[in-house]
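Student: Provided below are the primary sequence and the corresponding predicted coordinates.
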Amino acid sequence: MNKLTLIVFSLPFLSACSDYMPKLPDMSELTPNLSLPTFYKADVYQGSVLERFTINQLKLGMSQAQVQDLIGSPSVIDPFHNNQWDYINHSTSFEEDTVIRYRLILTFKNNLLSNIDTTGITSLPELTDKEKKLEDQRIAEEIAAAEAAVKAKIEAVKIAKERAEAAAEAKVKRIAEEKEAAKAKALEQKRLAKEKYQVEAKANKEAEIKKSIKKKEQVEALDKKHLIEEKEESETKKKTDKPWYQFW
């Protein structure tokens, strides 16, 4: 292939000294199975040369840096409205005299791509079979990724719901256990208070009994003392009350 290309491009130079100029064969005839790029002469060249394949990869929400990495710098940025990028080009192909004239307008909001106006790129060549295959593959991968993200989100919501339900059940169980513990504590405090009351009542009763016994003993002792005193007084009186004639 390299030798064939060298021969084809060498023919004009080899025939430069001759009056006869041979007709160059068409490259498509020489290389029917090889897809060669189409060359364009840029009449108005500003910014990047765009392709439909890369334009189709633009997505809303991209940052300005991501857009620039994908399709290059814009042709025009209005200094007073830097939220809009314009990609403008006017060129003509060398072989078919096909005019390529396009204007792609991108609008940004908060430095994120918010609108893609492709109404002005109808003159761009359609996708090649290889590009269509790559784009279909990219779209399929994006769909698969989106479906996986949806499934992951559903699973995350499910897990969050299960965790919330488990937390709610645990909270209900904890509250019930706390109520039971508080009830048991109240019953225990009531039992202890009752026991304390009974012990204090018993102690008070015993103290009253002891006090009553002591008081009774004191009364009995006092009565006994009075009896003794009365007896002694009676005996003394007998001695002092003898007749005048009784000397013993």
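Tutor: In hand now; what should we look at?

Student: alpha carbons only for contacts and neighbour counts from here, please
Tutor: Noted.

Student: Quick check, residue 71 in contact with residue 55.
Tutor: Yes: with the criterion set as C-alpha atoms under 8 Å, residue 71 and residue 55 qualify as a contacting pair; they are 7.1 Å apart.

Student: tell me the mean pLDDT for the helix or strand containing residue 143?
Tutor: In the assignment (DSSP states H and E), residue 143 maps to helix 129-240. In this model, helix 129-240 has an average pLDDT of 90.

Student: Go ahead and flag the most central residue of the chain.
Tutor: Most central residue of the chain, judged by C-alpha distance to the mean C-alpha position with C-alpha atoms, centre = their mean, is residue 156 at 9.8 Å.

Student: Against residue 226, how distant is residue 101?
Tutor: According to C-alpha to C-alpha, to the nearest Å, residue 101 stands 145 Å off from residue 226.

Student: More neighbours: these two, which one.
Tutor: Just comparing residue 101 and residue 226: by other C-alpha atoms under 10 Å the higher neighbour count belongs to residue 101, 16 against 12.

Student: quick one: that one and residue 89 touch, right?
Tutor: Yes: proximity of residue 101 to residue 89 meets the contact threshold set by C-alpha under 8 Å, at 5.7 Å.

Student: Show me how this protein divides into domains.
Tutor: Recorded structural domains for the chain (assignment: automatic domain parsing) are 1-36, 38-126, 128-209.

Student: Let's have the ones you listed in TSV, adding distance to residue 219.
Tutor: Output for the domains of the chain, formatted as TSV (distance: least, C-alpha to C-alpha, whole Å):
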stretch	distance to residue 219
domain 1-36	139
domain 38-126	107
domain 128-209	15
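
Student: Nearest approach to residue 233 belongs to which of the ones you listed?
Tutor: Ranking the domains of the chain by proximity to residue 233 (C-alpha to C-alpha) places domain 128-209 first, at 35.2 Å.

Student: For the top strand by length along the chain, which residues meet the burial criterion?
Tutor: Looking only at the chain and at elements set by DSSP state E, the strand with the highest residue count is strand 81-93. Of all the residues in strand 81-93, those buried under the rule 16 or more other C-alpha atoms under 10 Å are 83, 84, 85, 86, 87, 88, 89, 90, 91, 92.

Student: what bridges to the fourth one?
Tutor: Meaning residue 86. Legend: beta-bridge partners of residue 86 under DSSP bridges are residue 76, residue 105.

Student: mind checking the SS state of residue 122?
Tutor: Here residue 122 is coil, with the state taken from DSSP: H, G, I helix; E, B strand; the rest coil.

Student: ok, so what distance separates it from residue 116?
Tutor: Residue 122 sits at a distance of 14 Å from residue 116 (criterion: C-alpha to C-alpha).

Student: what does residue 154 give?
Tutor: Spatial separation of residue 154 from residue 116 under the definition C-alpha to C-alpha is 31 Å.

Student: Then residue 177?
Tutor: 61 Å.

Student: Thought residue 125 was touching residue 102, still the case?
Tutor: No: at 10.9 Å, residue 102 and residue 125 do not qualify as touching, with contact defined as C-alpha under 8 Å.
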